[in-house]
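1. 3D, please:
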Amino acid sequence: MKPEELRNKTVEELNAEIAELNQEMFNLKFQLHTGHLENSSRIPRVRKEIARIKTVLCEKSS
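-> Residues are numbered from 1 along each chain as shown. Next comes the predicted model:
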């Protein structure tokens, strides 16, 4: 998701999206350690998406 799209969302929507992405990251890491992960490039993408959302949340709080 682009930063402009994130800036248009409310804080509650962003927090919900972070929770969803954290759950996805947990599932990806679990699949990685059990040997069932098909697309390992998804992990860095999810991590960067979480960082983008947290950056926008910090911008909104200040």
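2. Just name whatever secondary elements the helix or strand hosting residue 12 is in contact with.
-> Residue 12 is part of helix 11-34, with elements assigned from DSSP states H and E. Judged by 3 or more C-beta pairs under 8 Å, 6 or more residues apart in numbering; DSSP states H and E, the packing partners of helix 11-34 are helix 42-61. Where C-beta positions appear, they are placed from N, C-alpha and C, glycine not excepted.
3. Go again with 10 Å.
-> Helices and strands touching helix 11-34, by 3 or more C-beta pairs under 10 Å, 6 or more residues apart in numbering; DSSP states H and E, are helix 3-7, helix 42-61.
4. Could you check the angle that helix makes with helix 42-61?
-> Per axes from the mean of the first three to the mean of the last three C-alpha atoms, to 10 degrees, the angle that helix 11-34 makes with helix 42-61 is 160 degrees.
5. Contacts for helix 11-34 next, please.
-> 1, 6-7, 9-10, 36-40, 42-43, 45-47, 49-50, 52-54, 56-57, 60-61 (C-beta atoms under 10 Å, 6 or more residues apart in numbering).
6. Narrow those to those that are buried.
-> Applying 16 or more other C-beta atoms under 10 Å to the contacts of helix 11-34, the neighbour count classes 6, 9, 43, 46, 49-50, 52-53, 56 as buried.
7. Apart from its chain neighbours, what residue comes closest to residue 21?
-> residue 50 (5.1 Å; C-beta to C-beta, 6 or more residues apart in numbering).
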